[in-house]
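J.: Need a 3D model of the sequence below.
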Amino acid sequence: MKKGKQSLAGVIVPVLSILLALLIGAIIMLCLGANPGLAMKSLAIGAFGSKPNIGTTLAKATPLIFTSLCACFAYKCGVFNLGGEGQFIMGSIAAIYVTLVTGITGVPAMILALLAGAVAGGFWGFLPGILKITRGQNEMIISIMFNYIATLLMGVVYTNWLRDGSVPQTASVPKESQLPRVITGMRFTWGFVIAVILGFIIYYLLYRTSAGFKIRAVGINSTAARFNGFPVRKYMLLSFIVSGAIAGLGGSVELLGTQFRLINGFASGYGFDGVAMALIGQLNPVATIFVALFFAALRAGATTMQAATGVPTSVSDIIQALVIVFTVAGMALSKLPEFTAFLQRRAHRREKEVTGA
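T.: Below is the predicted model:
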């Protein structure tokens, strides 16, 4: 399949997946005795119907953007970092220590906490990366195991080391050290702005710089890249460190801007959600931002939909799952040799008809 057609398929597959998932969601709503049109309208209102609702949607999208960008960067180099959740958690742990233990407050505490989160996440990404390039270990298994270690370490922090009295949670980040909101009356903070800017920076780095070209070349064919003199192992390790730093930065942003404290369930599911959204966005950092916004809108509007029509919020979860399934299936189908040959025959037949006309 030609490059242009591959790019077109990369756009069509996610769009069709979303439309098909929404159609099936509407059918489920009908089976539940609800009006699909009213339910979808209520869902949209819950996500974008007012300034507070928009703010909630953007706030929910923020951690998803960070973890999906984390997956994008690593996968572009051909390594599978499934440790985004653990790196996210390590970033939040570093941030809570900076804000509660160092005694620094205000803007300096924000900046230091964000930097500490990125460093902690990068270090947590470095560990599976170094094991892969030096010992040949499977990075997917190692990074998943590090998720569990990070979660357990976080449990020790909020139940023991930084426990707030009798409650199993840490104290709240001091108000003067919290990320400010971008617009008064809207829940989202400057963390969302940081996430979006970071997405465009990653896009520029990957597609507009020589280093990005080398990273993508390693991801496409590491053997060919090695024969062309590219330091493959160096780029693989670098991709782990950078992707971990992205997730760690997201963890510190989430702690300073939304959660304010470590508690049971913090960051649960964010890592694997990010992987799914990166795949739906075809590993394009900018497209991934919009996918994260779409998923955040489904989550933010689900409660309003349930209140207005009685449709349970689980229907929103079903729609999200269907989008993932259809996108992955569509990507797999578009890469089958038989399907590619079929499209080429159709295109050749169309060209002959045009030439004959």
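J.: all strands of the stretch 201-350 of the chain, in order?
T.: In the stretch 201-350 of the chain, no segments count as strands under DSSP state E, counting those that start in this stretch.
J.: Under the pLDDT cut-off, which ranges of it? List them.
T.: For the stretch 201-350 of the chain, the stretches flagged by pLDDT under 70 are 339-340, 342-343, 347.
J.: Now do the helices in it.
T.: Taking DSSP state H, counting those that start in this stretch as the criterion, the stretch 201-350 of the chain carries its helices at 210-220, 222-227, 232-254, 270-280, 285-309, 314-334, 337-356.
J.: Which of those sits closest to Ala113?
T.: helix 232-254 (5.3 Å; Cβ to Cβ). For every residue, glycine as well, the C-beta is placed using N, CA and C.
J.: Check which residues of that closest one are buried.
T.: Neighbour-count burial for helix 232-254 flags 232-233, 235-254 (criterion: 16 or more other Cβ atoms under 10 Å).
J.: For it, name the packing helices and strands.
T.: Contacts defined by 3 or more Cβ pairs under 8 Å, 6 or more residues apart in numbering; DSSP states H and E place helix 232-254 against helix 51-76, helix 84-101, helix 106-135, helix 190-208, helix 210-220, helix 222-227, helix 270-280.
J.: how distant is the first one from the center of its chain?
T.: The gap between the average C-alpha position of helix 51-76 and the chain average comes to 6 Å, counting by Cα atoms, centre = their mean, to the nearest Å.
J.: Show me which parts of that helix are buried, residue by residue.
T.: 53-76.
J.: ok so, going back, looking at the helices of the stretch 201-350 of the chain, which is buried most?
T.: Compared across these, helix 232-254 shows the largest average neighbour count, a mean of 27 (mean count of other Cβ atoms under 10 Å).
J.: residues touching Ser243, list them.
T.: 70-71, 73-74, 81, 84, 87, 125 (Cβ atoms under 8 Å, 6 or more residues apart in numbering).
J.: how about 6 Å then?
T.: Shown in contact with Ser243 (Cβ atoms under 6 Å, 6 or more residues apart in numbering): 70, 73-74, 81, 125.
J.: now those in TSV, with pLDDT and distance to Tyr148?
T.: As requested, the contacts of Ser243 are exported to TSV (pLDDT from 0 to 100; distance: Cβ to Cβ, whole Å):
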residue	pLDDT	distance to Tyr148
Cys70	97	18
Phe73	97	23
Ala74	96	19
Asn81	95	15
Gly125	97	16
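J.: what's the most distant pair in the residues you listed?
T.: It's Phe73 and Gly125 that sit farthest apart of the contacts of Ser243, by Cβ to Cβ, at 9.9 Å.
J.: Quick one, which of the helices of the stretch 201-350 of the chain gets closest to Val193.
T.: Closest to Val193 of the helices of the stretch 201-350 of the chain is helix 232-254 (Cβ to Cβ; 10.1 Å).
J.: tell me the contacts of the one residue sitting closest to the centre of the chain?
T.: Taking Cα atoms, centre = their mean, the centroid of the chain lies closest to Ser68, which sits 2.0 Å from it. Taking Cβ under 6 Å, 6+ apart, we find Ser68 in contact with 274, 277-278, 288, 292.
J.: hmm, 7 Å instead?
T.: Residues near Ser68 by Cβ atoms under 7 Å, 6 or more residues apart in numbering: 274, 277-278, 281, 288, 292.
J.: before we move on, what about Ala297?
T.: By Cβ under 7 Å, 6+ apart, Ala297 lies in contact with 47-48, 57.
J.: same thing but 10 Å
T.: Ala297 sits next to 43-44, 46-48, 53-54, 56-58, 60-61, 316 when contact means Cβ atoms under 10 Å, 6 or more residues apart in numbering.
J.: Next: Ser252.
T.: 66, 88, 90-96, 98-99, 110, 112-121, 179, 191.
J.: now do Gly219
T.: Listed by Cβ under 10 Å, 6+ apart, the contact partners of Gly219 are 74-79, 206, 225, 235-236, 239, 283.
J.: which among those residues gets closest to Ile130?
T.: Using Cβ to Cβ, Met236 is the member of the contacts of Gly219 that lies nearest Ile130, at 9.9 Å.
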